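Chemist: Show me how the following folds:
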Amino acid sequence: MARALNRFKISVWNLVTKSVPFIKSCGELKLRHNCLLELAELALTEMKSNMGTPKMLEFLLTSGVVLDAASRGIFEFVDLCLKNFPELMWDDNFAKELIKKVVKGRHVELFRLVRTHNRVRYIAEDLSIDVDLMKAVAEWSSKCVSSDVSGAAFLLQRELQWFQVVDVSTFPSLKWLKYQEDKSTHWEVFVQQRQELLKDARQWMKDTSSSCSLVGTLIITIAFAAAFMVPGGNDNNMGIPTLLKNNSFMVFTVANSLALFSSVAATLMFLVVLTSCYAIEDFLFSLPRDMTLGLTFLFLSLAVMLVAFSSALMIVLSEQWRWIYIPVALLAAVPIVMFSILQLPLYVEMVESTYWPRLYRPLKLWK
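Modeler: Residues are numbered from 1 along each chain as shown. Model prediction:
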């Protein structure tokens, strides 16, 4: 049975990789990544057994290999070195240099890892080191652009989160320390170097809110009209719907009501975004919160509108074609599947970045 299952897996894998070469390339990259990680672990173990722990620690501290990996964002290698040699974080200079490399490169997972291994918020013996750390988070470079952020507004939100978490990790008063060159505060330098990003974030918020509010207005119009033109018509004397006791009609009524209310809520949230003053501090929580809430209500209104349309179609056609339920359900599921594949990961990242940012949560070393 085990051999049969193994052969079946191999056959399915060969069939999938031949039809979709992209899957094969992803599998090869993952296999290469795992092999390199195992090779690095074996190399560290062998060097530790031959050289001994003191010499190995001296090698890692003086060679700069860990710091170079941290600056490049290689999470697995840094995690491997810190797990095998936790004594590295006992060296204050190494710990401070490591956190500066991580902050300068904007590596979220590495920052969470370093905060877990060492209480960075209490490293404050050398004030100049902490000032350099604030300089690193205040300066803007191409490394600050992350691929997992949707839009300029949420990129600015990530930058504000970096400034906040580093500011809290050291001293809140360091925010107002002066640069020696231009006598500006770290916050002033942070805002000054992100004027273009702030401009793009404002435009992105305005364009997205305008487009989404237009869609919400269309859904309001359709749902409001459908409430008075129900399938099957109304009784001429009392005005009561003729199909009131039909189950599909009740589904249509509930779904149409939800579509109307959720689209109204979404439009109101987008109007709040459009009428905002767009201060840079608003991009930390209030504007992303309003945008995610508006998108949530808009997606909900689109989904229940599909349910209302499907139920109305079933009411009209179910008497003649009783099998109409299956194709209508399949067709209604197509937009939901497309959204799940194309937009759901970015939407989840937006919600997580607003309500539960990974940057504020240290990793768990022991599970």
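Chemist: May I see the buried residues of the helix or strand encompassing Met338?
Modeler: In the assignment (DSSP states H and E), Met338 maps to helix 325-342. Neighbour counts over helix 325-342 (16 or more other Cβ atoms under 10 Å) mark Val328, Ala332 as buried. To be clear about C-beta, it is placed using only N, CA and C from the backbone, and glycine gets the same treatment.
Chemist: Now do the SS call for Ser146.
Modeler: Put simply, Ser146 is coil when judged by DSSP: H, G, I helix; E, B strand; the rest coil.
Chemist: In this structure it contacts Arg158, no?
Modeler: Yes - assessed by Cβ atoms under 8 Å, Ser146 is found in contact with Arg158 at 6.4 Å.
Chemist: what about the two, which has more around it?
Modeler: Taking other Cβ atoms under 10 Å, Ser146 and Arg158 do not tie; Arg158 has more neighbours (21 against 14).
Chemist: Spatially nearest residue to that one, not counting backbone neighbours?
Modeler: If you skip the residues right next to it in sequence, Arg158 has Val149 as its closest partner in space, 5.7 Å away by Cβ to Cβ, 6 or more residues apart in numbering.
Chemist: again with Leu260
Modeler: Leaving aside its sequence neighbours, Leu260 sits nearest to Ala223 (Cβ to Cβ, 6+ apart; 3.8 Å).
Chemist: Check which residues of the helix or strand harbouring the one you found are buried.
Modeler: When secondary structure is defined by DSSP H and E, Ala223 falls within helix 195-228. Going by neighbour count (16+ other Cβ under 10 Å), the buried part of helix 195-228 is 197-198, 200-202, 204-205, 208-209, 212-213, 215-216, 219-220, 222-223, 226.
Chemist: ok now it, how far from the chain's centre?
Modeler: If you compare the mean C-alpha spot of helix 195-228 with that of the full chain, they lie 21 Å apart, counting by Cα atoms, centre = their mean, to the nearest Å.
Chemist: looking just at contacts, which helices and strands does it meet?
Modeler: Helix 195-228 sits against helix 151-169, helix 247-274, helix 286-317, with contacts defined as 3 or more Cβ pairs under 8 Å, 6 or more residues apart in numbering; DSSP states H and E.
Chemist: So for Glu28, which of those sits nearest?
Modeler: Using Cβ to Cβ as the measure, helix 151-169 is the one of those that comes nearest Glu28, at 31.5 Å.
Chemist: Leu110: how many residues sit nearby?
Modeler: Under the criterion other Cβ under 10 Å, the count of neighbours that Leu110 has is 25.
Chemist: thinking again about what came up before, so for the helix holding Met338, what's the average pLDDT?
Modeler: Confidence for helix 325-342, expressed as mean pLDDT, is 77.
Chemist: ok, residues contacting that helix?
Modeler: Helix 325-342 is contacted from outside by Phe299, Leu302, Ala303, Leu306, Val307, Phe309, Ser310, Leu313, Met314, Ser318, using Cβ atoms under 8 Å, 6 or more residues apart in numbering.
Chemist: Buried residues of the helix or strand following it, list them for me.
Modeler: Using DSSP H and E, the helix or strand that directly follows helix 325-342 along the chain is helix 344-355. By neighbour count, with 16+ other Cβ under 10 Å as the criterion, the buried positions of helix 344-355 are Tyr347, Glu349, Met350, Val351, Ser353, Thr354.
Chemist: quick one: the residue nearest to Leu260 and Val264 touch, right?
Modeler: No - the pair formed by Ala223 and Val264 falls short of the contact definition of Cβ under 8 Å, at 9.0 Å.
Chemist: what's the angle from the helix holding Ala223 to helix 286-317?
Modeler: With axes from the mean of the first three to the mean of the last three Cα atoms, to 10 degrees defining the directions, helix 195-228 sits at 30 degrees from helix 286-317.
Chemist: what mean pLDDT would you report for helix 195-228?
Modeler: For helix 195-228, the per-residue pLDDT values average out at 91.
Chemist: Give me the angle between that helix and helix 247-274.
Modeler: Taking the same axes, to 10 degrees, one finds that helix 195-228 is oriented at 150 degrees with respect to helix 247-274.
Chemist: after the strand or helix carrying Leu36 comes which helix or strand?
Modeler: Secondary structure from DSSP H and E places Leu36 in helix 21-51. Reading on from helix 21-51 to the C-terminus, the next helix or strand found by DSSP H and E is helix 53-63.
Chemist: what distance separates the next helix-or-strand element following that following helix from the centre of its chain?
Modeler: Helices and strands here follow DSSP H and E; after helix 53-63, the next one along the chain is helix 65-71. Going by Cα atoms, centre = their mean, the spacing between the C-alpha centre of helix 65-71 and its chain's C-alpha centre is 25 Å.
Chemist: same deal with stretch 80-91?
Modeler: The gap between where stretch 80-91 is centred and where its chain is centred comes out at 30 Å by Cα atoms, centre = their mean.
Chemist: How about stretch 295-312?
Modeler: With Cα atoms, centre = their mean as the basis, the mean position of stretch 295-312 lies at 24 Å from the chain mean.
Chemist: circling back: with respect to Arg358, which of the helices and strands packed on helix 195-228 lies nearest?
Modeler: Set against Arg358 and scored by Cβ to Cβ, the helices and strands packed on helix 195-228 come closest in helix 151-169, at 9.5 Å.
Chemist: Using CSV, write down the CA coordinates of that closest one.
Modeler: C-alpha atoms of helix 151-169 as CSV (Å, rounded to 0.1, in the frame of the first residue of the first chain):
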residue,chain,number,x,y,z
GLY,A,151,-0.5,50.4,-2.1
ALA,A,152,1.4,53.5,-1.0
ALA,A,153,-0.9,54.2,1.9
PHE,A,154,-0.1,50.9,3.6
LEU,A,155,3.6,51.3,2.8
LEU,A,156,3.5,54.6,4.7
GLN,A,157,1.7,52.8,7.5
ARG,A,158,4.5,50.2,7.6
GLU,A,159,7.1,53.0,7.9
LEU,A,160,5.1,54.7,10.7
GLN,A,161,5.0,51.3,12.5
TRP,A,162,8.7,50.9,12.2
PHE,A,163,9.3,54.4,13.6
GLN,A,164,6.9,53.8,16.5
VAL,A,165,8.3,50.4,17.4
VAL,A,166,11.9,51.5,17.3
ASP,A,167,11.0,54.7,19.2
VAL,A,168,9.3,52.6,22.0
SER,A,169,12.1,50.0,21.9
